[in-house]
Each structure stands twice: as C-alpha cells, then as structure tokens.
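S.K.: What follows is a predicted protein model with its sequence.
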Amino acid sequence: MAPEARTKIFLKNSATALCAGVVVLASFSLGAEAARRHSRSHYHRLPEVAAIPPRALPYPQLPLPFEIPGAQYLPLAWADVKGWSDDDHLAAYKTFRASCRSINAQTGAGEQKALGGSLSEPCRAAKSLEPADDTQARTFFEDNFSPLRISRLGEPDGFVTGYYEPVLEGSRTQTDVYNVPVYRRPSNLFVRGYNQASVSLPNKGSVYRKIGRRKLVPYYDRGEIEDGKIAGRGLEIAWLKDPTDLLFAQIQGSARIKFDDGGTIRLNYDSYNGYPYTAVGRVLIERGIIPKEEMSMQKIREWMAQNPDGAKELRRQNRAYIFFREVNLSDKDEAVGAQGIPLTAGRSIAVDKSLHVYGTPFFIEGELPIESDRAKTAFHRLMIAQDTGSAIVGPARADLYFGAGADAGRVSGRLRHPMHFVMLVPKGLDPGIRAARLPLPDPRPSEKIAKLFPQTDPKDPAKDPAKGETVAIAGPVPLPAPRPVIEPVREPPRHMKSRSHQQ
C-alpha cells in the first residue's frame, strides 16, 4: 500500500476513536450527574453531629473592668471626695429616681458603654426606698456606688459650661416686628438608618436632603436656610423678633415662646441639618474682638446688637441649624432632656452620650461665678446625666442646667470653668471589688522546675556555707537530642520499554 493511502487510513481511524471517546465521556458525565440526583432524592442526609462544647477554663470568666476611651480614673474613698458631706443628697436622690423610671422601663441588653446596664441594680434598690432625710439619701449613694475621679487623659480636671431654657416673645403669624421663623423638621431631611418620621434623630453624623426616591445631597446650611431655602413650605412654628434670639434658643436646645394673647408654647430639639457646631464665642476670641477671660453669652449678645452686619456673618460661621418640635408642657414644667424626662434645675447635666449612660451620677466640685461675674462660689453638687449636646465631647465634660428665664441665662452664660469630676460607679462594676474576685495565676514553670531540680554548686554565691543551705536555682532545661540524619537509599534507575504505534 502506498504511504499516502496508509496516512489517510490512520487519520480516519484516529478521528473515529476521538469521537467515540467524546461520546463515552459525555455519557459518563451525564450518568454521574443522574446518580447524584438520585442519591439526593432517595437518601436522607446523615444527622449532623453536635459541636463539642468548649473546654471550661480553670478560671471564672469575669468581664473585664469598664473602660472609657480617652479617660483616666482614680478610685477614691468617700472621705476623699471634697465637699461630699455638704451637699443636699435628698435633692440629688429625687433627680436620680426620675432617671430610674426610664431605666427600669428599658428591656433587652444594656448599652454598649462603660456602665452598660449596671445602673439597673441601684435603680431597683431606689424603687422601694423613700428616704426621709439627707442622711438616708447619702447612705443610699454610698451603699450602691463607689467614687471614681475621672478626667480626660493627661488632664487633671474636667470642664463645665451652663445652659438654660430661654423665654422669648413671639407671634403665631409673621408681622413686621416678628419676622424670624422658627422651623420644625422638614419632610425631606434624611438620616441613614432612621425613618424620616422617627421621633428622635441623632445630634451628630451625616444628614441629607432627599431628592426624589434615591438621590441624597447634604442638607442646606444655616446661611441657605436664613436666605429662604425652606421658606413657604408651612414649616414655621412661630416667629421671633431677633435672629440672635433664635441662635441662642438653638444653642440651648429648647425655648418657651410667649405670645401677645397670653398663650405659651414649649419647644424642644428635634433634629439638625448635619453640620458640625461652631461656637460663635470662640470665633470672636480668635478674631481678638472679645478677650477669652471676658467671654460670656451677654458679651456676645451685646456685640451682635451693636454690629448687625457682623452678627449676620458671625451666625453663618456656625453652619449647624436646629429644628424644633412643639411639646405638651405647662409653664411649671422644666424642659425635657434627651433621656425623655423633665430636667431638674441645678441637678441635671448634659454629657457626651457616646461615652456615658443617662442616669449616671457625677459629683462636680470647684468654684463657679454663680453670684456675679467675678464671684468664686464654692460648688460641690451631685448631678445626674439626663441630657446631651453636640458640643459636649469628652469623658469629663458637662453642661449644667440652671432652669428657665433671664436669671438662669445670666448664670449659665458666664460658665466656662475647669472642675473636678467624680463619677459614681455602681458597686457591681467597682474595680477594687472585681480585682479581689480575680484568682491569682499559677506559679511560673521555672519556679516549679527549680524546686524539683535544685542545683548545689559550691562555687555558686547563692549558697550560704555558714547556714549550710543551698538555694534552688532554676537552670536551663536541656533540649532533646537531635534526630539522626538518614540518607535516602538511591534505587537503580528502571529502563522503561517503549511502545511502537504501528498499524
């Protein structure tokens, strides 16, 4: 047969074999898949074996002592708390019990903060206790709490300011005199993770203006709102005379507005536009307009009244803008704090909500200009955390609430002072008590080895010949001998037979 003919026959047979192989592989794959489906449909899965529980540790699993970021603390004895015995503890106890009503009503796990849900224990004790005098109230705090000096890391003291509830004149409708609108929350204001109709929105974080269904852009700042970006939408609750009155009502977070007909409405913080708060007083200090030692709310008001154009520009340096909601309170009731209960003048404080839990008692001690601008009135008072504010940041930072009206405004407006902070920690979290419950660790292994294998070297100075004693010294533990190196046996190479593919 000619070479060309043999080549054609070989190629033809190879192609036939290749096609047959493809058919066989395809049928094998389909058969395997059918078998798997049949197995899944006709046989039950094997029962899952329960996981082996983790082995118990030799020590009890006690939670670690609480920690407040950026803070330093010092445990104290009650005798070391300056001015503690001079305070009106019964008044502080009544304010604490007001917070307990909210704490006792909470369900579920505690907050993920230093104190967590530990306040529920003293609140349960306070639920059935009606102290008759100051001594019994002080005993309650001493029995259920431990004093802990607290301040920002690297600083000896905390810092306090004051706030109050302004009482302003206003109108229900716009007039030539009353032409500064007080706005409620707009419907297009949006905060991620919250329903737009939520009763309470955070006072920190990003806030957006919702356009259509999906598009989000930053909300209008103070300047844009004052220029009328949300005017004419029916958001006006009332009208004021002076934009400075509105600015300070927004800084305080609440206000009472009295109308010419004798009626009054009460306003509380509802939401804000998402821009960080800028203190206008700090701007005036940085510009050298008002010296730092003379700064007060009254000084700011006087300067803004004398400089209307400068006041407009100064207000817009604070791009944050507060929206209010009307609350059902009488003139006899105090403003409602962020905890949701009425505040107590002289006993309620605003704290950093990201660090602290509402209801925490703080004993604040130092000197404040309560009587006048230059007075140094001794201040040692047990206060209860019931409110918060965007400018209140840090572990030992508080805003003291002084009530409503002009007198409260004058006192709170001149407070910018360092003070000593003593945080009352529930006994369940007391670091000293918790440390006493922690077991001691096992002895170090080297000490055990030294006792089991004492070394008696007469040249060693550790031996005292006069006493005839030998001190046990932990020597180095010998390592095991290395494994011998075994050379692999080389096998002679095998000769492979080659196959010839011939037709």
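M.R.: All right, it came through fine.

S.K.: and Phe323, what is it in contact with?
M.R.: Each residue near Phe323 by CB atoms under 8 Å, 6 or more residues apart in numbering is listed here: 183-186, 189, 270-273. C-betas here are computed from N, CA, C, even on glycine.

S.K.: Look up the closest residue to it, ignoring the ones flanking it.
M.R.: Nearest non-adjacent residue to Phe323, counting by CB to CB, 6 or more residues apart in numbering: Arg185, 4.3 Å away.

S.K.: Please tell me how far the one you found sits from Leu267.
M.R.: 12 Å (CB to CB, to the nearest Å).

S.K.: Comparing these two, which residue is more hemmed in?
M.R.: Per other CB atoms under 10 Å, whichever of Arg185 and Leu267 has more neighbours is Leu267, with 28 against 19.

S.K.: Assign the more buried one to helix, strand or coil.
M.R.: When classified by DSSP: H, G, I helix; E, B strand; the rest coil, Leu267 comes out as strand.

S.K.: That one bridge partners, please.
M.R.: Ala255, Glu326 (DSSP bridges).

S.K.: That one contacts Gln250, doesn't it?
M.R.: No: look at Leu267 against Gln250 with CB atoms under 8 Å: they stay out of range, at 10.0 Å.

S.K.: about what we covered before: please identify every residue contacting each of Arg185 and Leu267.
M.R.: With contacts defined as CB under 8 Å, 6+ apart, the residues adjacent to both Arg185 and Leu267 are Arg325.

S.K.: Gln386 should be in a strand, yeah?
M.R.: Yes: assignment of Gln386 by three-state DSSP places it within a strand.

S.K.: Could you pull up the residues touching Leu284?
M.R.: Shown in contact with Leu284 (CB under 8 Å, 6+ apart): 290, 295, 300, 303, 314.

S.K.: ok, now with 10 Å
M.R.: Leu284 is in contact with 290-292, 295, 299-300, 303-304, 310, 314, 317, counting by CB atoms under 10 Å, 6 or more residues apart in numbering.

S.K.: and Ser151, how many residues sit next to it?
M.R.: Applying other CB under 10 Å, I find that Ser151 has 23 neighbouring residues.

S.K.: Which parts of the stretch 151-300 of the chain are helices?
M.R.: For the stretch 151-300 of the chain, the helices defined by DSSP state H, counting those that start in this stretch occupy 222-226, 243-252, 280-286, 297-306.

S.K.: So the residue positioned nearest the centre of the chain: helix, strand or coil?
M.R.: Nearest residue to the geometric centre of the chain (CA atoms, centre = their mean): Ser354, 2.7 Å. Secondary structure state of Ser354, per three-state DSSP, is coil.

S.K.: ok, it - contacts?
M.R.: Neighbouring residues of Ser354 by CB under 10 Å, 6+ apart: 69, 113, 202, 204, 388, 392-394.

S.K.: Please spell out the ChimeraX selection for the buried subset of the residues you listed.
M.R.: Applied in ChimeraX, the following selects the buried portion of the contacts of Ser354 according to 16 or more other CB atoms under 10 Å:
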select :113,202,388,392,394
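
S.K.: Go through the contacts of Ser354 and flag which are in strands.
M.R.: The strands, defined by DSSP state E, take in Thr388 from the contacts of Ser354.

S.K.: one step back: of the contacts of Leu284, which is the nearest to Gly117?
M.R.: Checking the contacts of Leu284 against Gly117 by CB to CB gives Met295 as the nearest, at 39.9 Å.

S.K.: distance of the closest one from Asp157?
M.R.: 19 Å.

S.K.: And the two? Which one has more around it.
M.R.: Met295 (19 against 16).

S.K.: So for that one, what's the pLDDT?
M.R.: pLDDT, Met295: 89.

S.K.: Contacts only, for it.
M.R.: By CB under 10 Å, 6+ apart, the neighbours of Met295 are 279, 281-282, 284-285, 289, 413-414, 416.

S.K.: Which members of those are classed as buried?
M.R.: For these, a neighbour count by 16+ other CB under 10 Å gives the buried set as 281, 284-285, 289, 413-414, 416.

S.K.: pLDDT weak spots in the protein?
M.R.: 1-66, 108-111, 430-445, 447-448, 455-480, 489, 491-503 (pLDDT under 70).
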